[in-house]
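Undergrad: structure, please.
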Amino acid sequence: MKEWIRKFNLRKAGFISVAIGVLTIIVHVLVITGVLPYLWVNGGRSESFEVAQQTSFSSIIIILVSIVITIIASQIIPIKFNKFWGIVISVFLIVTLPLSFFGIIEQFLGTMFEKCVMSIVTIVGFIADTRIAFEKRW
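TA: Predicted coordinates for the structure are as follows:
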């Protein structure tokens with residue numbers, strides 16, 4: 001699998017992953033501001049608007065951290081890694097891939113908005129993240 005995924009440009013995968021992250025942040029901001037109904041996200045399982053807001057705030061923080069890691073790992077901002085940090089970043093990214101795949105499944109089990117819109121976003125992000133994860137960094 002690693003051979004075909006490396007055919008995609010690393011920086012382009014990074015930009016796609018960052019764009020997906022920004023789009024997801026926008027969705028969460030729309031939930032926080034009440035523009036997007038909170039029952040459309042989180043599988044419709046949030047008991048109240050306040051719970052949905054807390055979940056969205058947490059998601060935004062996690063996404064911002066992942067965007068920073070993506071920018072570094074995809075060499076959008078070129079940083080030289082020593083072998084140790086290259087391995088740490090690679091292992092972190094590869095270990096998080098199953099979580100991303102689980103996220104795709106969750107989207108298909110969620111609300112109609114998640115099935116029709118966010119599942120596509122999640123799949124594209126997963127493909128870009130897979131490309132970034134299998135880059136040799138040392």
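
Undergrad: which residues of the protein score low on pLDDT?
TA: In the predicted model of the chain, residues 1-2, 138 satisfy pLDDT under 70.

Undergrad: which residue ranges of it form strands?
TA: Applying DSSP state E to the chain gives no strands.

Undergrad: where do the helices of the chain begin and end?
TA: Remark: helices assigned in the chain by DSSP state H are 2-5, 10-32, 49-73, 83-108, 112-113, 119-133.

Undergrad: between the ones you listed, which one is nearest to Tyr38?
TA: Evaluated with C-beta to C-beta, these place helix 49-73 nearest to Tyr38, the distance being 3.4 Å. Placement of C-beta: from N, CA and C, glycine included.

Undergrad: so that closest one versus helix 83-108, what angle?
TA: If you take axes from the mean of the first three to the mean of the last three C-alpha atoms, to 10 degrees, helix 49-73 sits at 140 degrees to helix 83-108.

Undergrad: figure out how far helix 49-73 is from the centre of its chain.
TA: Centroid displacement of helix 49-73 relative to its chain, using C-alpha atoms, centre = their mean, to the nearest Å, is 9 Å.

Undergrad: kindly report the same for stretch 16-34.
TA: With C-alpha atoms, centre = their mean, you get 10 Å for stretch 16-34.
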